[in-house]
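>>> got a predicted structure plus its sequence, pasted below:
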Amino acid sequence: MKLPRPAILHLGLLAALVATVLAVTYRYVSFERWFYYWDHAAYQRIATRLCAAFGVSLQEGWRALQASYREDYNAVFALPLVPWLRLAGPSRVSYETALALVYLAPLPLAFGAVAAQLVPARRSVAFWATAWLTLLTPMAWVPTLRGFPDTGATVLVTLATYVYLRDLRLERPATVMLVGTLLGFSVVFRRHFGYAALAFLLSACLLVLVRTAARRTPARLDLGRAASALARPAMVAVVGVAVACLVAWTYVRRLAAYDLTALHSSYQEPLSALLRWYLTPFGWASWVMAILGLLWGSFSPTVDRTRLAFVQVFAAVSAGLWLFWVRQVGEQYTLHFTPAVALGGFLFCWLVYERGPRRWRALAVGALACVLLANTVLGLSYRNHKLPFGTRALFAARWAPQVRDDYYLMCSLLRALRREAQPGDAVYVVASSDCLNPDIVRSADEAFRGGAPPLNVLSVPEVDSLGAYPLGELLQAQFVVLADPFQHHLPAGEQDVVRAGYDAFHGGWEIARAFTPLFHGFELETCSVSLWQRTAPTSLADALATLRRVQARLGARPAMQPEWVTVESAFPSWLTRNADGSATWIAHPTVSRAKPGTTVAALAAPVDRAEVLGSVRFVDGRCRGATLAFSSLDSGGSWQTLAEVHRRPGEDGGFRAVVETHGIDRLFLRLLSYSEGSSIDYCLLRVDPLVLRPL
């Protein structure tokens, strides 16, 4: 059957758009020479793990997906990428092309669908003009090119907008269900789109109130009618929450348990910095065109003003939430502004063509197309183009392919580190900048280790509002990679958890006595690196002295620091804070006289009496049992046991210990073998929750 000519044209434009997306993405990523880190690497690792799990079996893949809901970043976004990654492998190029095909290519089409609702008389022109104009907006590309899947959530919110514009009064139940589903799933997809969903619902409610007031003369709000109309946006919210809970209940519960604004307070910027940051990536020309287009469209007879009003209010409310509440910067967050820039830019071009003099229409549109093309080249090209008379600020900021000038020096540092560190040796990286941080070392090791076991690069606290005291990791470290000068990516006052490790070695803190420098002066692009090796266990006295210094350095306790802190670590252990303030401690017991032991110390000042509540669970049933000894230190440095809890596999793990703490300096919890002479083999256990409170 022969296709009609319009269908052939649409298919051709679609094929050209997809081919452009894939070709640009492939070329851009192939040019990079970079060690990806933090969020730039995290999503690729999540996708690779999920792909490997599905390679084992469907059941294993499903379990991996469910397990991801307990983490900050879940793996929902990776599900559509699995077939491509299974076919093309886990390389950076295959991951990026998968992102581009699944999430970036639909983005301009979703924007085009919304534009077609705004200019109903010329739907096809509006659709394809907006789609291609979106590809001429560099910031529509950048989040994907940096490895973020967030573009997929933008597509979901944009599709919700498209569905809503087709039924602004939400009269059809299908509209309520579909809009709620799309918004709810966008929040599961990437949590910061909860702000976009909130802005969407606030905008819908605001327009309901305006429409209700406009029906009366003089304009006055009919509360009964308004309440009835507001029930429909409320139902959208209910559907959204229900869908999010149904799809990822564990993840939603985790989001609700924490004050995310407080946890990310270290990343918040003042308004002036936010305005500068979000203006620069798009460029002044794009912002002026977008704002003029959105405002000018209200006076055009060919633009649906009612639908445009929602787009205008949604853009304004979303920008207000981001600038005055969230206050964070990042290339992935520009996606909250990209729809307004793309749609406003299209309306500007459309109105210039529609309202301009006939003889100048083609010339004006051609000039705008040249400006937008130049904007794309300047924004994504590797070459740093210079423009005269300060006109560079009119165009998008430069987001070139990432290339490290010290790429091979970093490789040499990894080789030197691998010559010294044995498999399993814990490596602590005291740096948190774009030049050096733990994730860069981890990424460089992945790139060059071949079939060798990976370096055990510790995950250490890097941001005060999300961090904890670094003492436990310092006690585990066998090697310390120390950068000079102090490396930080936020204001130094927001990264004291990193600065404490830096001061420990540069300031001669007690914990540094157990380390010896192996080499100094390994020069990277912006810092000099030295390597330190542990030569002796850290004594309890040195650990406690270091703890006091860390507390003095940080002042206020970091947000994720529990009531306990590790002060002795014979084996690797993990101590974390739960959402309710209790702690989880995963550790292995030691024999009673071993040095170092397995010990945590209470941070709270002792009271006359305290109770410790918790539950013990053994990882392996072959363990003969363990003892939780609540102790203090006497003036001679000897342990004084205040209370004990004994547990074996198969027993009820819950316990409550009442401890007399009058006159002691600090309460300790030691994890010991069950009894004198008993084996500690197979005895990894989990104490969760672990709660300390005064009586």
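Received the coordinates, thanks.
>>> which ones are touching residue 180?
235, 236, 237, 238, 239, 240, 242, 243 (Cβ atoms under 8 Å, 6 or more residues apart in numbering). All C-beta spots, glycine's among them, are computed from the backbone N, C-alpha and C.
>>> I'd like those residues written out as JSON lines, with secondary structure added.
Converted to JSON lines, these look like this (DSSP: H, G, I helix; E, B strand; the rest coil):
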{"residue": "235", "secondary structure": "helix"}
{"residue": "236", "secondary structure": "helix"}
{"residue": "237", "secondary structure": "helix"}
{"residue": "238", "secondary structure": "helix"}
{"residue": "239", "secondary structure": "helix"}
{"residue": "240", "secondary structure": "helix"}
{"residue": "242", "secondary structure": "helix"}
{"residue": "243", "secondary structure": "helix"}
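>>> tell me the domain ranges of the chain?
5-394, 404-558, 562-695 (automatic domain parsing).
>>> any chance of these in TSV, with mean pLDDT too?
Shown next, in TSV, are the domains of the chain (pLDDT from 0 to 100):
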stretch	mean pLDDT
domain 5-394	92
domain 404-558	93
domain 562-695	91
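>>> quick revisit: which of the contacts of residue 180 count as buried?
235, 236, 237, 239, 240, 243 (16 or more other Cβ atoms under 10 Å).
>>> ok, and the closest non-adjacent residue to the last one?
It stands for residue 243. The shortest distance from residue 243 to any non-neighbouring residue, by Cβ to Cβ, 6 or more residues apart in numbering, is to residue 184 (3.5 Å).
>>> who's in contact with the one you found?
Counted by Cβ under 8 Å, 6+ apart, residue 184 has contacts 197, 239, 240, 241, 242, 243, 244, 247.
>>> go again using 10 Å as the cut-off
Residue 184 makes contacts with 156, 160, 194, 197, 236-248, 252, as judged by Cβ atoms under 10 Å, 6 or more residues apart in numbering.
>>> can you check residue 489 too?
38, 431, 432, 433, 434, 435, 437, 462, 463, 495, 498.
>>> please repeat the previous calculation with a cut-off of 7 Å.
Shown in contact with residue 489 (Cβ atoms under 7 Å, 6 or more residues apart in numbering): 432, 433, 434.
>>> right, and residue 680 touches residue 587 too?
No: assessed by Cβ atoms under 7 Å, residue 680 is found out of contact with residue 587, at 11.2 Å.
>>> that older thread, of all the contacts of residue 489, which comes closest to residue 342?
residue 434 (29.1 Å; Cβ to Cβ).
>>> contacting residues for that closest one?
residue 489.
>>> in a strand, it, correct?
No: applying three-state DSSP, one finds residue 434 to be coil, outside a strand.
>>> burial measure for residue 49, as a count.
With neighbours defined by other Cβ atoms under 10 Å, the count for residue 49 comes to 17.
>>> torsion angles phi and psi at it?
Torsion angles at residue 49 (phi, psi; degrees, to the nearest 10) stand at phi -60, psi -40.
>>> check contacts around the nearest residue to it once chain neighbours are set aside.
Excluding the flanking residues, the one nearest residue 49 by Cβ to Cβ, 6+ apart is residue 64, at 6.5 Å. Going by Cβ under 7 Å, 6+ apart, residue 64 touches 49, 50, 53, 75.
>>> helix or strand: which one has residue 64?
Assessed by DSSP states H and E, residue 64 sits inside helix 58-68.
>>> and what of residue 690?
Since the elements are taken from DSSP H and E, residue 690 ends up inside strand 685-694.
>>> ditto for residue 187
Here residue 187 is assigned to helix 173-189, by DSSP H and E.
>>> can you tell me the SS state at the closest residue to residue 168 other than its chain neighbours?
Among residues not flanking residue 168 along the chain, residue 306 sits closest, at 6.4 Å (Cβ to Cβ, 6+ apart). Put simply, residue 306 is helix when judged by three-state DSSP.
>>> wait, residue 306 sits on residue 166?
No: in this structure residue 306 lies outside contact range of residue 166 using Cβ under 7 Å: 12.0 Å.
>>> just grab the bridge partners of the nearest residue to residue 639 once chain neighbours are set aside for me.
Nearest non-adjacent residue to residue 639, counting by Cβ to Cβ, 6+ apart: residue 631, 4.8 Å away. Counting by DSSP bridges, residue 631 is bridged to residue 641, residue 668.
>>> where do the strands sit along the stretch 551-695 of the chain?
Per DSSP state E, counting those that start in this stretch, the stretch 551-695 of the chain carries strands over the ranges 564-569, 574-577, 583-587, 598-602, 609-618, 626-633, 639-647, 654-660, 668-673, 685-694.
>>> next secondary structure after the helix or strand harbouring residue 503?
Here residue 503, judged by DSSP H and E, is contained in helix 496-506. Using DSSP H and E, the helix or strand that follows helix 496-506 towards the C-terminus is strand 515-523.
>>> buried residues, that next one. List them.
Buried residues in strand 515-523 (16+ other Cβ under 10 Å): 515, 522.
>>> contacts for the helix or strand that it is followed by, please.
Sequence order places strand 528-534 as the next helix or strand after strand 515-523, per DSSP H and E. Here strand 528-534 makes contact (Cβ under 7 Å, 6+ apart) with 413, 417, 420, 436, 477-484, 505, 514-522.
>>> next: stretch 92-102.
By Cβ under 7 Å, 6+ apart, the residues outside stretch 92-102 that reach it are 21-22, 25-26, 29-30, 44, 47, 80-81, 84-85, 88, 144-145, 147, 149.
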